[in-house]
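build me a model:
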Amino acid sequence: MRKKNPSKTPTDNPAAKPAEPTKPKRGPGRPTTYSAEMVERICAALMEPCSLNRLCKRPGMPARAVVCRWLIRHEEFRLAYQAAMAVRIDLVVDETLDIADDAELDPAAISKAKLMIDSRWRMAERLAARKYGIKQQVETSVTQLTHEQWLEHLT
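This next block holds a predicted model:
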């Protein structure tokens with residue numbers, strides 16, 4: 001029986017292959033379709049008058065839940081998404097002029113145009129309140145009181 005040489009380790013053997021680095025195991029589920037191209041496609045489509053729900057029902061697009069997970073996990077996607085939504089709001093507000101100009105004089109068409117315009121403005125007010133929200137002015141009357149006057153007023 002041969003004794004093992006304690007000075008030799010398995011890595012000293014030239015015939016032994018070095019261990020390949022192991023890849024981290026992915027969790028169960030389908031592989032992701034996240035890519036820069038997919039981010040660009042989603043953001044370009046969101047700038048059209050199309051909701052995320054309708055967009056995600058198109059063939060080749062990820063599910064809405066997947067897009068929401070990407071928004072949480074990928075900062076570059078979140079920033080691109082926010083920029084696309086900001087442009088979209090401006091385009092939707094701009095579209096209200098076309099709707100008003102193209103409305104026919106039929107009462108039903110006018111009612112439909114009003115509904116379309118109002119819904120777009122409500123969306124803009126909610127999504128970009130600083131830009132399109134109703135400005136509330138608070139009137140304050142500030143009186144200049146001296147320290148002595150404040151003390152007199154308190155007693």
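
can you get me a residue count around residue 117?
Residues near residue 117, counting by other CB atoms under 10 Å, number 17. Any C-beta I mention is one placed from the backbone N, CA and C, and that applies to glycine too.

how about residue 107?
Residue 107: 8 neighbours (other CB under 10 Å).

against residue 113, how distant is it?
Residue 107 sits 11 Å away from residue 113, going by CB to CB, to the nearest Å.

residue 98 now?
Using CB to CB, residue 98 is found at 10 Å from residue 113.

in the protein, where is pLDDT below threshold?
Within the chain, the set of residues satisfying pLDDT under 70 comprises 1-30, 136-143, 155.

if we use 80, what do you get?
1-32, 49, 134-155 (pLDDT under 80).

so where do the helices sit in it?
For the chain, applying DSSP state H gives helices covering 36-46, 52-56, 64-73, 75-102, 107-127, 129-132, 147-154.

mind listing what's buried along the fourth one?
Of the residues in helix 75-102, those scored as buried under the neighbour-count criterion (16 or more other CB atoms under 10 Å) are 77, 80, 81, 84, 88, 89, 92, 93, 96.

what's the offset of that helix from the middle of its chain?
From the chain centre to the centre of helix 75-102 is a distance of 13 Å (CA atoms, centre = their mean, to the nearest Å).
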